[in-house]
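*Asks:* sequence unknown, structure follows:
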């Protein structure tokens, strides 16, 4: 990414970099704000592949699948890499087109993916099968050497979880329990809820031991979030006024002003109304 940003003027590169850092920092905890920052970066440097990719993931995180797919396609054209192929296929699922996702699983691009990418593509294909009501086919799709391996890889927990969930959907509870347990073994960071799913199958209920009012500081956090949102909006408005683009860029699409913005006239006179003096107000009332 740094190498790509070197093609930009120094000041612009720093501004784009700051926005991309915010995208990466917020995309899991606050995807809407991450998306807002990604739009700023996109306005500033739409011809940088890393920016298009970041914008794609931010749109994907907010379920704007059509927009995400367009950004991923642009990034793929710029780099020639196929690493985004699985997430592009998942965007097709998000758009209600599982048959397209399934077709992408059979394309030559899949063979060019590394092992992690191929496993991801298998997960997407299985999800597409389930979308189409082909539950048994989804289970078969997930059955692979990677699933059977005792070696724990970055994708192992997600693959086992998807398999357990598919088995449970098919009514095969005993097998599902076994694979949820195997997921727990592989999920060292506890990123998945496999232990909760396992407890549900065993009839265990968890009670809220905290209860009561919200912890102190919640209101302050809400105020901070509102302030952050206001800062993002202000930054977006600033970038709209000084937008960097190349008129020869076929992929660039100028932003349309909203109706609300169109009604604003910056030349309107601002009228300041001073507070009325208390004695003047009393005299007026007597009159």
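*Replies:* Arrived safely. Just so you know, these numbers come straight off a predicted model, no measurement behind them. Numbers count the residues shown, from 1 in each chain.

*Asks:* so for stretch 203-219, mean pLDDT?
*Replies:* Averaging pLDDT along stretch 203-219 yields 58.

*Asks:* stretch 34-52 now?
*Replies:* Confidence for stretch 34-52, expressed as mean pLDDT, is 95.

*Asks:* give me the buried positions along it.
*Replies:* 34-52 (16 or more other CB atoms under 10 Å). Using the backbone N, CA and C atoms, a C-beta is placed for each residue, glycine as well.

*Asks:* give me the subset of those that lies in helices.
*Replies:* 34-44, 49-52 (DSSP state H).

*Asks:* what's the closest of those residues to residue 189?
*Replies:* When those are ranked by distance to residue 189 (CB to CB), residue 34 comes first, at 21.0 Å.

*Asks:* what's near enough to touch that closest one?
*Replies:* When the contact criterion is CB atoms under 8 Å, 6 or more residues apart in numbering, the partners of residue 34 are 22-27, 58, 61.

*Asks:* swap in residue 188?
*Replies:* By CB under 8 Å, 6+ apart, the contact set of residue 188 is residue 152.

*Asks:* with residue 161 instead?
*Replies:* Taking CB under 8 Å, 6+ apart as the definition of contact, the neighbours of residue 161 are 179-180, 183, 187, 192, 194.

*Asks:* what helix or strand is it on?
*Replies:* The secondary structure element spanning residue 161 is helix 156-169 (assigned by DSSP states H and E).

*Asks:* shouldn't residue 76 be in contact with residue 86?
*Replies:* No - counting by CB atoms under 8 Å, residue 76 sits too far from residue 86 to count as a contact (12.0 Å).

*Asks:* these two - which one has more neighbours?
*Replies:* residue 86 (25 against 20; other CB atoms under 10 Å).

*Asks:* distance of residue 121 from residue 195?
*Replies:* Note on residue 121: its distance to residue 195, by CB to CB, to the nearest Å, is 27 Å.

*Asks:* of the two, who's got more company?
*Replies:* Neighbour tally, residue 121 and residue 195, criterion other CB under 10 Å: the higher count belongs to residue 121, 23 against 15.

*Asks:* once you drop chain neighbours, what's closest to the more buried one?
*Replies:* On the basis of CB to CB, 6 or more residues apart in numbering, the spatially nearest residue to residue 121 that is not a chain neighbour turns out to be residue 86, at 4.5 Å.

*Asks:* pLDDT on stretch 170-186, on average?
*Replies:* Averaged across stretch 170-186, the pLDDT comes to 96.

*Asks:* any buried residues in it, and which?
*Replies:* Within stretch 170-186, the residues that qualify as buried are 175-177, 179-184, 186, counting by 16+ other CB under 10 Å.

*Asks:* and the contacts of it?
*Replies:* When contacts are taken as CB under 8 Å, 6+ apart, the neighbours of stretch 170-186 outside the stretch itself are 135-136, 139, 152, 156-157, 160-161, 163-165, 167-168, 192, 194-195, 197-198, 201-202.
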